[in-house]
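Q: Just a sequence and a predicted model for now, questions to come.
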Amino acid sequence: MAGKGVRVRIAPSPTGWLHFGLARTALFNYLFAKKNNGKFILRIEDTDIKRSEKKYEKDIIESLKWLGLNWDEGPDLETSPLKVKAFSGEVSKYRQSERTEIYQKYIKKLLDSKQAFWCFHSKEELEAEKNERMSRGKAPIHKCRQERGLPPISGGSPRSSGIIRFRCPEKKLTFTDLIRGKLEFDTGLLGDISIARDEKTPLYNLSSVIDDYEMKISHVIRGEDHISNTPKQILLQKALGFSRLPKYGHLPLILGPDRTKLSKRHGAVSISQYKKQGYLPETLLNFMALLGWNPGTKKEIFSLDELIKEFSLERVQKGGAVFNLSRLDWLNGYYIRKMDLDELTKKCIPYLLLWSCSKTT
């Protein structure tokens, strides 16, 4: 399945702490890369300037390192931006905020070919269109087939309220998901999708497509909540003339005990919080691996090296994986009992000091 030249990526947005679900996605990408002698890449998607913060990027980087999921290419704490010889002798940048010139080239190509256009509909107009379509039993999408010309303003720049849209073709699109098999979409239900804020700032679907192509990503392994993005990204790849398309695999969601998507109300916390609570990295890796992946045996305890050896996408399930806190606690107890006494003492000291301070205040 994997073939030669495997390159996978994890692409978090630094708008919050590294959460459990994204860490599991990172693990599965890491295992797939190492199993196939490929490369595991970390890319920081920080184009959301208002919400992106360096403290979150730092948490993402430190949490992945603590788990032992070290990347082959990507940014680091000590250097901003870190530049490395990535592929074909090229120098690459791994933060989207550093890749403006790259995006500008591709956005211009879509605009020049008339496959993308500026749209200046107001929020009120879009809402009215949505309601009108829904009243006729149609999908609440925006179709801007008679695009407005750019308004005459000083400097020749588009007005700030505009957005760049992709002229989405209407057809049946199919692709083979590495986990779910053949999937089919009616792209006429997508509407004319928003792809960029301006000529330099792409939105998620376009930036992801460009970055995956430029970084020669061979496989995109991500959560099933991204399935709806895949047809949009395939259409954009074809519009840009990309001959090399990645293969897609969508992982099952992690569910709470009530079988709804895992959230804070289930007690879901960030990786750094699990660390503070005394969970060991080997515990979390072992636990995450078995959320959606079945080794095909009754074996339950795996080191990271053993996971690399045993992992395959063929054994990733389609249905949601239920988070069992009792199971996590049992695993942590197992790894604690295996620990050398001196090492255990060293790890316990910070918690004992914290407990002592709480008793004296």
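A: Cool, got the structure.
Q: How far does the strand or helix carrying Tyr334 sit from its chain's centre?
A: Tyr334 is located in helix 325-338, with elements delineated by DSSP states H and E. With CA atoms, centre = their mean, to the nearest Å as the basis, helix 325-338 stands 28 Å off its chain's centre.
Q: buried ones in that helix?
A: Going by neighbour count (16 or more other CB atoms under 10 Å), the buried part of helix 325-338 is 328, 331-332, 335. All C-beta spots, glycine's among them, are computed from the backbone N, C-alpha and C.
Q: can you list those residues in CSV and add distance to Ile49 and pLDDT?
A: Output for those, formatted as CSV (distance: CB to CB, whole Å; pLDDT from 0 to 100):
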residue, distance to Ile49, pLDDT
Leu328, 36, 96
Leu331, 40, 97
Asn332, 38, 96
Tyr335, 41, 94
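Q: Let me have those in TSV, adding distance to Asp192 as columns.
A: Below are these laid out as TSV (distance: CB to CB, whole Å):
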residue	distance to Asp192
Leu328	45
Leu331	48
Asn332	50
Tyr335	52
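Q: so where's the stretch 101-250 of the chain shaky on pLDDT?
A: 145-161 (pLDDT under 70).
Q: Of all the residues in stretch 129-140, which ones are buried?
A: For stretch 129-140, the buried set under the neighbour-count rule, 16+ other CB under 10 Å, comprises 129-130, 133.
Q: In what element of secondary structure is Phe40 found?
A: Short version, using DSSP H and E: Phe40 is in strand 39-42.
Q: Against which helices or strands is that strand packed?
A: Packing partners of strand 39-42 (3 or more CB pairs under 8 Å, 6 or more residues apart in numbering; DSSP states H and E): strand 7-10, helix 20-35.
Q: Got phi/psi on the nearest residue to Pro169 once chain neighbours are set aside?
A: In space, and not counting its chain neighbours, Pro169 is closest to Thr187: 6.2 Å by CB to CB, 6 or more residues apart in numbering. Backbone torsions of Thr187, given as degrees, to the nearest 10, read phi -70, psi -10.
Q: and Thr187, what does it touch?
A: Residues near Thr187 by CB atoms under 8 Å, 6 or more residues apart in numbering: 168-173, 231, 235.
Q: from these, which would you call buried?
A: Using 16+ other CB under 10 Å as the burial test, these include 168, 173, 231, 235 as buried.
Q: tell me, how many neighbours does the closest residue to Glu184 other than its chain neighbours end up with?
A: Excluding the flanking residues, the one nearest Glu184 by CB to CB, 6+ apart is Thr174, at 4.6 Å. By the criterion of other CB atoms under 10 Å, Thr174 has 10 neighbours.
Q: Over to the one 3 residues further on?
A: Using other CB under 10 Å, Asp177 has 17 other residues around it.
Q: what does Gln233 give?
A: 21.
Q: do Phe242 as well
A: By other CB under 10 Å, 16 other residues sit near Phe242.
Q: That one: what secondary structure?
A: coil (DSSP: H, G, I helix; E, B strand; the rest coil).
Q: Hmm, Tyr213 and it touching each other?
A: Yes. Between Phe242 and Tyr213 there is a contact at 5.2 Å, judged by CB atoms under 8 Å.
Q: farthest pair in the contacts of Thr187?
A: Maximum pairwise distance among the contacts of Thr187 (CB to CB): 13.2 Å, between Cys168 and Lys172.
Q: re earlier: looking at the helices and strands packed on strand 39-42, which is buried most?
A: Highest mean neighbour count of the helices and strands packed on strand 39-42: strand 7-10, a mean of 25 (counted as mean count of other CB atoms under 10 Å).
Q: Direction included, what does that one pair against?
A: strand 39-42 (parallel) (DSSP bridges).
Q: The residue nearest to Glu184 should be in a strand, yeah?
A: Yes. Secondary structure of Thr174 (three-state DSSP): part of a strand.
Q: The residue nearest to Pro169 and Thr230, how far apart?
A: Distance of Thr187 to Thr230, given as CB to CB, to the nearest Å: 11 Å.
Q: re the thing from before, out of the contacts of Thr187, flag the one nearest to Phe117.
A: Using CB to CB, those come closest to Phe117 at Cys168, 11.5 Å.
Q: got the contact list for the closest one?
A: Residues in contact with Cys168 (CB under 8 Å, 6+ apart) are 187-188, 190-193, 232, 235.
Q: Sticking with the nearest residue to Phe28 once chain neighbours are set aside, tell me its helix or strand.
A: The shortest distance from Phe28 to any residue other than its chain neighbours is 5.7 Å, reached at Ile221 (CB to CB, 6+ apart). Applying DSSP H and E as the criterion places Ile221 in strand 219-223.
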